[in-house]
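**Q** sequence plus the predicted model coming up.
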Amino acid sequence: MELSFLAYLRGRCRSLPSIHLGIGDDAAAIIPTEKLQLSCTDQIIDGVDFLSAEHSLRDAGYKSVAINISDIAAMGGVPKAALVTLTLPLEDSTKIAGEVYEGILEACTKYGITIAGGDISTYEGPLAINVCLLGEVAENKIWRRSGANENDAIMLTGAVGGSILGRHLRPEPKVALAQKLQTLVDVTAAIDISDGLSLDLDRLCAASGVGAELDTDQIPVHPDAARLAESSGRSAFQHAWSDGEDFELLLTMNQHDADHLTQQRPELGLTQIGKTVGRTGLWRKYDRKVERLPPQGYMHQGKHEQTSD
Ligand SMILES: [Mg+2]
């Protein structure tokens, strides 16, 4: 299968000038630039991260690329090239590969990414799609989790919660918005929301050595969270707080920059949900008191769990 499939792929893939050699040789060759090269990888597995019985393989392919793009966006970078490894069930492997690649190519085309190489194999097991994504960012423009200062504003790029109703299969990583923000403000720290607003915010805070004081009424709750709450036994806020796979960005910046975005650039859709504070942990402010909120989210053990505190 591999030869004809490679020919098909080569015909379908656009190539950036920075890709010296793409699909078809023993390794890809990429022309280095002045910028830092970012690399990340994420694998999704049938039965764990998606369900082929319920979800289309095209969606699974799209998702496998989009979740990696979100990680590059969270670094303030732009995605460039992908290496894709498909591990396919023995039965119907060519058909499955074709359908998965439709989604992979869709995401790569949409976000200007070249498929520079990869691997395909078959085995007696469920479909696994692994994407290694390469991107770049200027050295003085890289966003880390660890850069937040005390009294920074905490900003969120969109509404969260309830992504399981369908948005989780078609994430829209915030690359373009991140690049716009690079020209407008100094982002001090960033993370994308893959595992839950509170869990990922807790990770950013831990890396930066700060805590967060949140105005929880300001957290934009997605209509899907409200819809899910009608039958889940949990509140819309709980879904927004912990669901994950929103692929919005959490960003910190000084209050002046945050005010500029919310007052002068409302079309960018950023919301301030709180500020960083010296005491660690996540806190909710109400009636001049503060209450500690436990971070919750997806802990990669196949179910929702609460972290230690
Ligand atoms: Mg991430």
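**A** Noted; the coordinates are in hand.

**Q** for residue 137, name its beta-bridge partners.
**A** Beta-bridge pairing for residue 137 (DSSP bridges): residue 36.

**Q** was I right about it contacting residue 79?
**A** No. Here residue 137 lies out of contact with residue 79, judged by C-beta atoms under 8 Å, at a distance of 10.5 Å. In this view, the C-beta of every residue, glycine as well, is placed from N, C-alpha and C.

**Q** more neighbours, the two?
**A** residue 79 (26 against 20; other C-beta atoms under 10 Å).

**Q** and the more buried one, what pLDDT?
**A** Note on residue 79: pLDDT of 97.

**Q** go ahead and confirm it touches residue 131.
**A** No. Between residue 79 and residue 131 there is no contact, the gap being 10.3 Å when judged by C-beta under 8 Å.

**Q** residues shared between the contacts of the two?
**A** Taking C-beta atoms under 8 Å, 6 or more residues apart in numbering as the criterion, residue 79 and residue 131 both touch residue 68.

**Q** chain neighbours aside, what residue packs nearest to residue 70?
**A** Ranked by C-beta to C-beta, 6 or more residues apart in numbering and with sequence neighbours excluded, the top spatial neighbour of residue 70 is residue 173, at 3.8 Å.

**Q** could you check how far that neighbour is from residue 73?
**A** For residue 173, the distance to residue 73 (C-beta to C-beta, to the nearest Å) stands at 5 Å.

**Q** could you point out the helix or strand that follows the helix or strand hosting residue 6?
**A** In the assignment (DSSP states H and E), residue 6 maps to helix 2-12. Downstream of helix 2-12, the first helix or strand assigned by DSSP H and E is strand 19-21.

**Q** what about that next one, distance to the chain center?
**A** In terms of C-alpha atoms, centre = their mean, to the nearest Å, the centre of strand 19-21 is found 27 Å from the chain centre.

**Q** tell me which strands and helices it is in contact with?
**A** In terms of contacts (3 or more C-beta pairs under 8 Å, 6 or more residues apart in numbering; DSSP states H and E), strand 19-21 is packed against strand 29-30.

**Q** hmm, who's touching the helix holding residue 6?
**A** Contacts for helix 2-12 (C-beta under 8 Å, 6+ apart): 22-24, 94, 97-98, 101, 105, 115, 120.

**Q** in the stretch 51-200 of the chain, where is pLDDT below threshold?
**A** Filtered on pLDDT under 70, the stretch 51-200 of the chain yields no residues whatsoever.

**Q** give me the mean pLDDT for stretch 226-237.
**A** Across stretch 226-237, the average pLDDT comes to 96.

**Q** oh sorry, the question was meant for stretch 292-302
**A** Stretch 292-302 carries an average pLDDT of 75.

**Q** residue 284: neighbour count?
**A** Counted with other C-beta under 10 Å, residues neighbouring residue 284 total 16.

**Q** again, but for residue 294
**A** That count, for residue 294 with other C-beta under 10 Å as the rule, works out to 15.

**Q** can you give me the buried ones in the helix holding residue 6?
**A** 5, 9 (16 or more other C-beta atoms under 10 Å).

**Q** render the CA-only coordinates of it in CSV, please.
**A** C-alpha atoms of helix 2-12 as CSV (Å, rounded to 0.1, in the frame of the first residue of the first chain):
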residue,chain,number,x,y,z
GLU,A,2,2.7,2.4,0.9
LEU,A,3,4.1,3.3,-2.5
SER,A,4,0.8,4.1,-4.1
PHE,A,5,-0.3,6.0,-1.0
LEU,A,6,2.9,8.0,-1.0
ALA,A,7,2.3,9.0,-4.7
TYR,A,8,-1.3,10.0,-3.8
LEU,A,9,0.0,12.1,-0.8
ARG,A,10,2.7,13.8,-2.8
GLY,A,11,0.2,14.8,-5.3
ARG,A,12,-2.1,16.3,-2.6
